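S.K.: model the structure of this input:
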Amino acid sequence: MLRKCVRVLWAAWFAALLCSASPASAQVAPPLGSATSFAVLGATPSVTCTGASLVTGDVGISPAAAITGFPVPCTDVGTLHAADATAAAAQTAVTAAYVNLQGQTCPPANNLTGIDLGTLMPLVSGVYCFASSAQLTGSLVLNAQGNPNAAWVFQIGSTLTTASASSVTVTNGGPATFCNVFWQVGSSATLGTTTQFKGNILALASVTLNTGAGLLGRALARTAAVTLDTNNVNASACAASGPPSPTPPAPPGVPALPPAFVIFLALGLIAVGYYQVRRRARG
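M.R.: Residues are numbered from 1 along each chain as shown. As a prediction, this is how the structure comes out:
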């Protein structure tokens, strides 16, 4: 019986090690630095707005200087930056964040190539990737699991497109958790009519919001245009919150026990107790 208990303990120890293994990588919401205050940022040839759009946050363009549609018919609750030093610094920051996002490790299980985002169960925080284009038809739910600093990184090889009336919803987080959603788009992003989208779109080329589309977050284009048409783009919560705070370390002198050790100890006590009960029963 004692040998059997020892074998059980070794098996439990091995299982505990497997269960407590740390993931190979974790998603990181990169700081946007000089681009933090921007809701809309284009590169060339223009940032164009038609219809009664409302943008809450700065609007800028660099290296080109053409911003059309502001202050009429579109309204900017922020500052316009046309080919100035602020817009140039913001583009530099967007490039750094884009490279950061592109370089994060996507686990093989999170490769969503060929899968419509609207067909997925709620996604917990992590890095998700598409080798080519990404499509959203319907609703995508992102579940923060009670963590206001949860973050999602979507790496998209080419285009991001949403169908009309699609939506992205963040649940079980804080009021600004959607600011930790990042869409790294390898070419252009297009939001369909009346889409309600969340997160920061960092597109290598252009960003287009079709009629009635709403964006809680940012539309940031590195090399091409941003086009708006009767939209509501709001980055105010993101500019106020900044990047998520790191998890504070444990207080000195109170080291946390490894999960594997706790599981091993508990199973060991159970095995020893079982052995003692059997001995008494035989005696």
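
S.K.: when you work out contacts or count neighbours from here on, use the C-alpha atoms and nothing else.
M.R.: Will do.

S.K.: what's the neighbour count on Gly103?
M.R.: Under the neighbour criterion other C-alpha atoms under 10 Å, Gly103 is assigned a count of 10.

S.K.: what ranges do the helices span in the stretch 101-250 of the chain?
M.R.: 236-241 (DSSP state H, counting those that start in this stretch).

S.K.: strands of that one, start to end?
M.R.: 123-124, 126-130, 134-136, 139-143, 152-156, 160-162, 167-171, 181-185, 189-191, 196-203, 207-209, 214-221, 226-229, 232-234 (DSSP state E, counting those that start in this stretch).

S.K.: single out the most deeply packed of the ones you listed.
M.R.: Greatest average neighbour count among those goes to strand 214-221 (a mean of 28), per mean count of other C-alpha atoms under 10 Å.

S.K.: just checking: what are the partner strands of it?
M.R.: strand 38-42 (parallel), strand 196-203 (parallel), strand 232-234 (parallel) (DSSP bridges).

S.K.: and the angle for the second one with strand 152-156?
M.R.: Calculated by axes from the mean of the first three to the mean of the last three C-alpha atoms, to 10 degrees, strand 196-203 forms an angle of 60 degrees with strand 152-156.

S.K.: could you list the domains of the protein?
M.R.: By the assignment in automatic domain parsing, the chain contains the domains 1-17+261-283, 39-234.

S.K.: tabulate those (TSV), appending mean pLDDT and distance to Leu32.
M.R.: Output for the domains of the chain, formatted as TSV (pLDDT from 0 to 100; distance: least, C-alpha to C-alpha, whole Å):
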stretch	mean pLDDT	distance to Leu32
domain 1-17+261-283	52	38
domain 39-234	98	6
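
S.K.: adding distance to Pro30, write those domains out as CSV.
M.R.: Shown next, in CSV, are the domains of the chain (distance: least, C-alpha to C-alpha, whole Å):
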stretch, distance to Pro30
domain 1-17+261-283, 31
domain 39-234, 6
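
S.K.: before we move on, the earlier item: can you tell me which of the strands of the stretch 101-250 of the chain comes nearest to Ala88?
M.R.: Ala88 sits nearest to strand 214-221 of all the strands of the stretch 101-250 of the chain, at 12.5 Å, using C-alpha to C-alpha.

S.K.: strand 167-171 and the closest one, what's the angle between them?
M.R.: Using the same axes, to 10 degrees: strand 214-221 against strand 167-171 is 110 degrees.

S.K.: quick one, strand 214-221 and strand 181-185 angle?
M.R.: 40 degrees.

S.K.: so which of the strands of the stretch 101-250 of the chain is nearest Thr36?
M.R.: strand 214-221 (9.2 Å).

S.K.: contacting residues around that closest one?
M.R.: 38-43, 94, 178-179, 194-207, 226, 231-235, 238 (C-alpha atoms under 8 Å, 6 or more residues apart in numbering).

S.K.: in a markdown table, list the strands paired with strand 214-221 along with distance to Ser187.
M.R.: Compiled in a markdown table, the strands paired with strand 214-221 are given as follows (distance: least, C-alpha to C-alpha, whole Å):
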| stretch | distance to Ser187 |
| --- | --- |
| strand 38-42 | 14 |
| strand 196-203 | 6 |
| strand 232-234 | 21 |
